[in-house]
Structures are given as structure tokens and as C-alpha cells.
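Asks: Got a predicted structure plus its sequence, pasted below:
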Amino acid sequence: MHLINYSRKLLFFLFGLAIFCGAQAQSAQTIQAGMGRIKLGFKLDADGRPLYKVYFDGKPVINNSYLGIKLANDSAFDKHFKVIGSEKTTTDEYWEPVWGEVKRIRDHYEQLTVHLKQQDAPGRLMNIVFRVFEDGVGFRYEFPKQPDLKYFIVADELTEFALTGDHKTFWIPGDYDTNEYRYTTSALSGVDAWKVMKAATDIAVRVTPDQYAVQTPLMMKTADGLYVNIHEAALMDYSSMQLHVDRATFKLTARLVPDAVGNKAYLHAPYRTPWRTIIISDKATDILASKTILNLNDPSKIQNTSWIKPMKFVGVWWEMQTGKSTWSYANNADTLTKAGKLIPSGMHGATTANVKRYIDFAAKNGIQGVLVEGWNTGWEDWFGNWKEKVFSFVTPYPDFDIKAITQYAKAKGVKMIMHNETSGSATDYERQVDTAFRYMKKFGYPAVKTGYVGKIIPRGEHHDGAWMIGHYVRVAQKAADYHIMLDAHEPVRPTGLQRTYPNWMASEAGRGNEYNAFSDGNLPEHETIMPFTRLMGWPMDYTPGIFKIKGYMPGNPTRQVHTTLAKQLALYITMYSPLQMVADLPVNYEKHLDAFQFIRDVAVDWDDTKIITAEPGEYITIARKEKRSPNWFIGTITNENSRDALIPLDFLDKNKKYVATIYADGDDADWKNNPESYKITKYFVDAGTQLNVKLANGGGAAISIKPATDKDKGMKFYK
């Protein structure tokens with residue numbers, strides 16, 4: 001009897017030892033993947049918790065960081081796992097975007113898929129998929145189809161990014177409803193979202209529950225000169241990711257934006273989450289050149305894309321921002337005649353006569369489109385009331401003759417761009433969206449600018465929460481059904497979905513040029529940070545091209561744009577968008593037609609892009625080759641400090657002569673004291689030329705380069 005008990009105890013001991021040793025062996029086993037200078041390691045710890053680590057040139061960039069998902073029923077996909085299999089594959093292929101910064105994109109990565117099973121009953125399954133590119137890593141969670149996981153609710157995501165130090169960081173608060181903050185540059189240990197949020201009184205709706213949360217894309221620079229960018233890709237059917245900063249350990253943890261009842265996503269297996277992205281290089285130029293986020297998105301769901309055409313456009317917009325006219329027809333909603341009709345204020349901007357003037361200007365200058373805001377009823381009480389039914393998207397104000405305007409624009413060869421502001425009422429827009437898009441098609445509008453200013457309806461939802469993520473995608477899908485191009489304002493920051501829905505051509509989702517009208521504006525460094533942050537997810541409708549830098553606000557003579565005029569030209573290159581606004585008033589362009597020539601000439605779709613120099617918060621120089629053309633355009637900008645931009649032209653065709661037209665800051669230019677001073681020079685150049693362009697404080701330069709012709713005789717060669 002004692003022998004039997006002893007044998008049983010020995011058996012249990014050996015069995016337990018086998019389990020322990022198996023777990024220890026599994027936790028010690030690291031599965032690796034790599035591409036070039038980037039390496040990734042994955043393992044389970046002693047408790048079966050998934051860990052990953054990322055290296056650049058053999059040095060850790062992301063230290064051991066936990067992975068996992070927490071479900072709403074208190075169960076978690078973050079521990080007690082065992083690895084039941086893994087496989088690696090390599091992909092190296094090219095694809096062509098419908099539009100973009102380059103004609104062809106290489107998608108080259110090694111993929112590691114780790115199959116996990118929980119050791120506790122019922123033994124549920126989860127895969128973690130890593131893609132290692134030459135410039136970074138993407139990873140996501142997959143939930144295979146399985147008997148014990150069908151419908152499930154995500155309560156939290158437990159993804160970590162354990163950084164290696166107190167990096168220099170370019171950040172905005174992790175706000176649920178806006179991305180329109182100025183950027184703060186500080187060490188990670190200096191992050192205080194509440195301090196920035198409370199000071200940002202120029203932003204109407206601000207919701208930042210976590211004092212130490214920051215938004216993505218998050219740009220960082222290490223003490224030893226490494227650049228690290230963290231974001232996400234292919235965000236659909238899921239909440240957007242913000243990052244909680246542990247200011248002591250420098251660990252970042254995913255924080256998903258909750259819905260009205262506190263949940264983050266409602267899923268059904270099989271399901272794949274959005275990708276988490278880490279882009280790494282010892283060159284800032286490589287960060288801007290990266291196509292990793294775009295590559296992690298699915299190919300276009302639109303088969304026939306011939307109707308999707310990039311364009312420049314002017315608009316009845318800046319005059320409203322600066323107080324010259326109004327969006328509303330009447331002063332308020334109850335200013336009525338005895339017959340119950342609105343009494344016009346006389347300040348309305350979207351009148352038939354005014355719109356025709358913009359059409360004339362566009363036609364005269366080869367600008368393809370005209371945007372008109374404030375054309376439809378509802379603007380008298382549109383903002384601040386959390387009102388659900390505000391606008392009609394098919395009812396013009398009495399002074400906007402849509403039939404006459406349509407005919408006039410068509411005769412002039414100009415396309416009209418519709419404006420659908422929702423005032424945050426996504427529910428009402430979804431009820432009206434088919435009617436609105438049919439109305440657009442009836443009158444030949446190929447594009448729409450949507451807007452979501454204010455608190456969101458459904459009440460309790462947020463701009464960056466899962467319900468609204470779904471809404472933005474539904475609108476893009478619906479627009480595609482009607483062959484309409486989309487420019488969304490106040491949406492979640494982009495994650496590369498323009499590859500999947502190439503009709504979704506631009507978004508705002510950041511602090512644009514408009515803040516120079518109704519607030520203290522954007523600091524001179526702002527545009528040198530945005531390409532490393534907001535634009536990592538793809539194009540921004542920044543609305544460049546303001547020529548009247550001072551004196552544009554009645555009653556506020558001190559307000560100004562914090563750039564030079566030449567820098568506004570350069571933004572057409574450095575702030576990429578295939579729908580690019582020519583934002584100022586025609587009268588201001590007509591005073592500087594020589595400088596305006598660059599806006600006439602500059603393209604919006606490109607065959608090639610060269611990031612020549614870049615440093616976040618300091619300077620950027622970018623050259624782009626026009627689609628199906630030998631012409632190149634260069635934009636170079638600086639922060640508040642003047643500097644010399646050295647620009648080698650070795651990307652030009654060899655043994656070929658070109659003419660470079662340089663739109664530069666004047667010798668006495670300064671963003672604050674003399675912003676409208678500029679000079680224009682022309683020279684012969686070739687592939688051996690190196691330009692040296694002086695940038696003023698807060699300044700920039702724009703350069704067009706075209707093949708020389710017989711008409712260019714007598715010009716000097718650049719020295």
C-alpha cells in the first residue's frame with residue numbers, strides 16, 4: 001500500500017516536472033524573423049505570456065514587451081499559452097497605387113506566424129502574425145474559427161512597446177475626439193496630456209481621460225540618433241489605438257478608445273485586428289520614405305478606378321474662416337419673415353455670383369475644382385447644440401442656384417466639389433447619405449468634403465471610437481458605389497486605408513492651416529513635424545497656399561500665418577495630398593501672379609519621390625517627379641531658424657539640361673516681420689548641380705524643374 005502511494009507520488013512528481021520543464025523550455029525558446037537591419041524575437045515567459053523584442057543592427061529598440069487581448073467577460077488572451085506551431089514565409093512583390101507619391105511600391109517582408117493555444121480549458125486559439133520589413137515591423141492578432149470563440153467583446157488590448165530610454169518625442173495628447181493639437185517636443189518623461197489639453201482652448205471638443213496618453217503616429221528620436229515611429233495600419237471594425245506612457249520605465253501600453261458603454265470592439269471569429277507598426281531607421285529620411293503602413297493594408301476593393309482623378313481646387317472657404325463672409329444665410333435660425341422664411345444677413349459666402357467668380361478664377365488658372373461650403377440649409381444653429389437633425393444635403397439656400405452654377409462650371413471646364421458638414425451627427429448623415437450622393441451625381445459633382453465638427457451622435461460615441469471607425473469606412477464604401485472621391489475632415493487619423501479605398505483620397509485629422517485664422521495659429525516648426533506624425537498614415541488636406549500672411553482678420557491685426565509666402569508654396573510638396581487646395585482668396589493670388597505660377601504648375605500625382613533631407617522639428621526637403629512627365633518639383637522648409645538648404649539634383653536624367661525656377665524667400669524675409677518677401681530666379685541645371693537655397697526664419701522655397709527648350713537660350717547655368 002505504501003509502495004503504491006509512493007509510486008503514485010513519484011508519477012505525479014515526474015508528470016509535474018515534465019510540464020514544468022516543457023513550459024520552461026518553451027518560454028526559453030525564441031522564434032526569430034528578420035529583414036536587413038531589423039530583427040524580431042518572440043517567446044513565451046514562464047507563465048505562458050507572449051513576448052516580443054525588436055532589434056536594429058543588433059541593438060534593442062523595443063525591449064521584451066507583452067502582447068495580449070482582454071475580453072469583456074474577464075477572460076484574457078494574454079497568458080497560459082503554449083506554442084503549437086509556427087511558420088515563416090517571405091514575400092517580395094511590387095504593386096502600383098492608383099495615385100500617390102511613387103508609381104510602384106515594393107512589398108518585401110518576412111512573415112512569422114505563431115500559433116498559440118491556451119493551456120486552460122477550453123484551450124482557445126490565437127495567432128500572432130509578425131511582418132518584418134527592412135524599415136520596421138508590423139504585427140497583429142488573429143482569432144481563428146473555433147468552437148469556443150464565436151462572438152466576443154474586446155475590453156482592452158494589452159500590447160506593449162517597452163522603449164529603451166527617455167527618448168525625444170513629438171506628441172499630442174491621446175484625445176478621443178480630436179487630433180488638432182499643436183505638437184509638443186519633450187522627453188517621454190515630460191509627457192503631460194492634461195496640461196496641453198487644458199491650454200488648447202482653440203479646440204472646441206476635447207476628451208483626454210488619461211493624463212499620460214499620447215496619440216499615434218508617435219515620432220521619437222533616441223539619444224544615439226535612432227528614429228522610431230509607432231502607429232497602426234488597416235484600422236477597420238475596431239477602436240483606434242492610443243498609447244499610455246509610463247514616465248518612469250518608458251513603456252508604452254495600448255489604450256483603445258471606448259464606446260458609449262466602455263467597450264472597444266465587437267468581434268466574431270475568425271477575425272484579424274489592425275496592425276501595430278514600428279518603423280525604425282538611423283536616417284530621418286527613411287521614416288518619411290517608408291511604405292510599410294501602406295503595404296500592411298489590403299489591395300484596392302474598387303475594380304474600376306478610372307474615375308478617381310487627383311486635382312487641385314479653390315474654394316469658398318478661407319473667406320469664411322477669416323470673417324469676410326459666413327457659412328450661414330441668416331444671422332440665426334429664428335430670424336424669420338412673417339411667412340416663416342429666413343431673413344438674409346447679407347454676409348453669406350455661397351452665393352451664385354460669388355461662386356461664379358471662383359469658377360472663373362479656377363478656369364483661368366487651370367485649376368480643376370471648386371469647393372463651396374455653406375451652400376445648404378442648416379448653418380444657422382449647426383454647432384454646439386448636440387443636435388441630431390441639422391442639415392439637409394439636398395436643399396440649397398435661396399441665393400445658391402445649383403443648376404445655374406452647374407451649367408456655368410461645365411461650360412468653363414471646372415468640376416464642383418460638394419461639402420457635407422454633419423456637425424458630428426453621423427446617424428443623420430447615414431440616413432441621408434444615399435440621397436446626398438444621388439444629388440451629387442445628378443449635378444455632376446465628382447468629390448465630397450465631409451466634416452464632423454462637434455460631439456458625436458450617437459451620443460456617447462467618440463470620433464476615434466469603433467462605431468465611428470465603422471462609419472468613416474461605410475461612407476468611403478458608399479462613395480465608391482457612386483464613383484465619388486472623398487476628403488474627410490475631423491475623422492480618425494488615417495492608417496493607410498487609402499490603398500483599400502483609393503477614392504478616400506485625403507483627410508484632415510490634424511491641425512491644419514485653418515488654425516491660423518481662428519486661433520493663435522501653428523508654430524513655424526509645425527509643418528516640419530507633421531510629415532513624421534500625422535502624414536505617416538497618408539495624405540492630409542492641410543489647405544496650403546495662403547499668400548496674404550498678415551492683415552487678413554478684420555478686427556485682429558496681429559493675427560498671421562507663421563510662415564513666409566515661399567514656405568506656403570513649398571507645402572504643396574512637403575504636405576502631400578492628391579486633393580490639394582489652393583486655399584487663399586483669388587484677389588490675394590492676383591497680387592502675386594509671378595509666385596502663383598508655381599501653384600499653377602505643381603502636380604498632385606507623382607511617379608517618384610526623393611526625400612533629400614529631413615529632421616523632425618527642424619527641416620524637410622523633398623523632390624517629386626510629376627506623373628507621366630519629365631518635370632520635377634522640390635519643396636524645402638525650415639522651422640523658426642534660418643538655414644541653407646543644400647539640394648543635389650542627382651536624381652535628374654544624366655546628360656540632360658533643365659531649367660530650374662526657384663521661388664525663394666527674399667533676402668529680407670522673415671516669417672514674423674516680413675513674410676511676403678520673396679524672389680524668383682531661373683537657371684540652367686543638370687544632374688551634377690547642387691542648389692544652395694537660403695531659407696528665412698520660418699521660411700522655405702519651392703522649385704520647379706523642367707527640361708530646357710530652345711526658348712530658354714541665354715540663361716545662365718547655376719553655380
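Replies: Thanks, I have the structure now. Numbering: from 1, shown residues only.

Asks: pLDDT weak spots in the stretch 401-550 of the chain?
Replies: Scanning the stretch 401-550 of the chain for pLDDT under 70 picks out nothing.

Asks: what about the helices in the chain?
Replies: Along the chain, counting by DSSP state H, helices occupy 2-28, 193-199, 284-289, 292-295, 318-321, 352-364, 402-412, 426-442, 466-481, 515-518, 526-529, 565-574, 586-590, 593-601.

Asks: which sections of this protein are below the confidence cut-off?
Replies: Applying pLDDT under 70 to the chain flags residues 1-28.

Asks: Quick one: end-to-end distance for stretch 303-317.
Replies: End-to-end span of stretch 303-317 (C-alpha to C-alpha, to the nearest Å): 34 Å.

Asks: which residues sit against that stretch?
Replies: Residues from elsewhere that reach stretch 303-317, judged by C-beta atoms under 8 Å, 6 or more residues apart in numbering: 98-99, 302, 325, 349-350, 354-355, 358, 361-362, 367-374, 415, 417, 446-447, 483, 485, 502-503, 505, 543, 578-583, 586, 599, 602, 604-605. For every residue, glycine as well, the C-beta is placed using N, CA and C.

Asks: how about it: buried residues?
Replies: Within stretch 303-317, the residues that count as buried by 16 or more other C-beta atoms under 10 Å are 308-317.

Asks: do stretch 338-352 as well
Replies: Buried residues in stretch 338-352 (16+ other C-beta under 10 Å): 342, 344, 348-352.

Asks: can you check stretch 373-382 too?
Replies: Residues 373-380, 382 are the ones in stretch 373-382 that count as buried (16+ other C-beta under 10 Å).

Asks: what's the answer for stretch 253-271, then?
Replies: Buried positions in stretch 253-271, judged by neighbour count with 16+ other C-beta under 10 Å: 253-259, 263-267, 269, 271.

Asks: now do stretch 689-697
Replies: 689, 691, 693-697.

Asks: Do you have the strands of the stretch 301-450 of the chain handy? List them.
Replies: Taking DSSP state E, counting those that start in this stretch, the strands of the stretch 301-450 of the chain run over residues 311-316, 369-372, 415-421, 447-451.

Asks: Tell me which residues are up against the last one.
Replies: Residues outside strand 447-451 that contact it (C-beta under 8 Å, 6+ apart) are 311, 369, 371, 373, 415, 417-423, 429, 436-437, 440, 475, 479, 484-491, 505, 541, 579.

Asks: neighbours of residue 462, just the number please.
Replies: Applying other C-beta atoms under 10 Å, we find 23 residues neighbouring residue 462.

Asks: Quick check: it vs residue 204, distance?
Replies: Remark: distance between residue 462 and residue 204 (C-beta to C-beta, to the nearest Å) = 14 Å.

Asks: go on, residue 522?
Replies: Here residue 522 is placed at a distance of 17 Å from residue 204 (C-beta to C-beta).

Asks: of these two, who's got more company?
Replies: Higher neighbour count among residue 522 and residue 204: residue 522, with 22 against 14, using other C-beta under 10 Å.

Asks: which ones are touching the more buried one?
Replies: Residue 522 neighbours (C-beta under 8 Å, 6+ apart): 182, 511, 513, 515-516, 562.

Asks: which two in the residues you listed are spaced the farthest apart?
Replies: Distance extremes for the contacts of residue 522: the farthest pair is 182 and 513 at 13.4 Å, using C-beta to C-beta.

Asks: Comparing those two, which residue is more hemmed in?
Replies: When residue 182 and residue 513 are compared for neighbours, residue 513 comes out ahead with 26 against 20, by other C-beta under 10 Å.

Asks: what residues does stretch 402-409 touch?
Replies: Residues outside stretch 402-409 that contact it (C-beta under 8 Å, 6+ apart): 352, 355-356, 359, 370, 372, 375, 396, 415-416, 443-444.

Asks: Name the member of these with the shortest distance to residue 44.
Replies: Distances from residue 44 to those, taken as C-beta to C-beta, are shortest for residue 415 (56.7 Å).

Asks: got the strands of the stretch 301-450 of the chain as a markdown table, with distance to residue 674 columns?
Replies: Below are those laid out as a markdown table (distance: least, C-beta to C-beta, whole Å):
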| stretch | distance to residue 674 |
| --- | --- |
| strand 311-316 | 27 |
| strand 369-372 | 31 |
| strand 415-421 | 34 |
| strand 447-451 | 34 |
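
Asks: Which stretch among the ones you listed approaches residue 645 most closely?
Replies: Nearest to residue 645 among the strands of the stretch 301-450 of the chain is strand 311-316 (24.8 Å), distances taken as C-beta to C-beta.

Asks: who does that closest one pair up with?
Replies: Using DSSP bridges, the strands paired with strand 311-316 are strand 369-372 (parallel), strand 579-581 (parallel).

Asks: Out of those, which is the most enclosed?
Replies: Ranked by mean neighbour count, the strands paired with strand 311-316 are led by strand 579-581 with a mean of 27 (mean count of other C-beta atoms under 10 Å).

Asks: And for residue 417, nearest residue in space, chain neighbours not counted?
Replies: residue 371 (4.1 Å; C-beta to C-beta, 6 or more residues apart in numbering).

Asks: That neighbour contacts residue 415, doesn't it?
Replies: No - the criterion here is C-beta atoms under 8 Å, and residue 371 misses it with residue 415 at 10.0 Å.

Asks: can you map out the strands along the stretch 601-719 of the chain?
Replies: With DSSP E, counting those that start in this stretch as the criterion, the stretch 601-719 of the chain has strands at 606-615, 619-626, 632-638, 643-648, 658-665, 678-685, 690-695, 700-707.

Asks: could the ones you listed be laid out in JSON lines, adding distance to residue 162?
Replies: Shown next, in JSON lines, are the strands of the stretch 601-719 of the chain (distance: least, C-beta to C-beta, whole Å):
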{"stretch": "strand 606-615", "distance to residue 162": "26"}
{"stretch": "strand 619-626", "distance to residue 162": "30"}
{"stretch": "strand 632-638", "distance to residue 162": "34"}
{"stretch": "strand 643-648", "distance to residue 162": "36"}
{"stretch": "strand 658-665", "distance to residue 162": "44"}
{"stretch": "strand 678-685", "distance to residue 162": "48"}
{"stretch": "strand 690-695", "distance to residue 162": "39"}
{"stretch": "strand 700-707", "distance to residue 162": "38"}
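
Asks: Could you list which residues are in contact with the closest residue to residue 108 other than its chain neighbours?
Replies: Nearest residue to residue 108, sequence neighbours excluded (C-beta to C-beta, 6+ apart): residue 92, at 4.6 Å. Neighbour list for residue 92: 106-108 [criterion: C-beta under 8 Å, 6+ apart].

Asks: can you rerun that using 10 Å?
Replies: By C-beta atoms under 10 Å, 6 or more residues apart in numbering, residue 92 lies in contact with 106-110.

Asks: Please indicate which of those residues has the highest neighbour count?
Replies: Neighbour counts for these (other C-beta under 10 Å) peak at residue 109, which has 24 neighbours.

Asks: Bridged to that residue, which residues?
Replies: Beta bridges link residue 109 to residue 91 when assigned by DSSP bridges.

Asks: Quick check: it touching residue 89?
Replies: Yes - applying C-beta atoms under 10 Å, one finds residue 109 in contact with residue 89, separated by 9.1 Å.

Asks: So for these two, which residues contact both of them?
Replies: 33, 131.

Asks: Which residue comes closest to residue 573 once chain neighbours are left out?
Replies: Nearest one to residue 573, counting by C-beta to C-beta, 6+ apart, is residue 635 at 2.8 Å.

Asks: give me the number of residues near residue 493?
Replies: Residue 493: 26 surrounding residues under other C-beta under 10 Å.

Asks: Ok, the one 5 residues further on next?
Replies: If you count neighbours by other C-beta under 10 Å, residue 498 ends up with 26.

Asks: Leaving out chain neighbours, which residue sits closest to it?
Replies: Nearest non-adjacent residue to residue 498, counting by C-beta to C-beta, 6+ apart: residue 538, 5.0 Å away.
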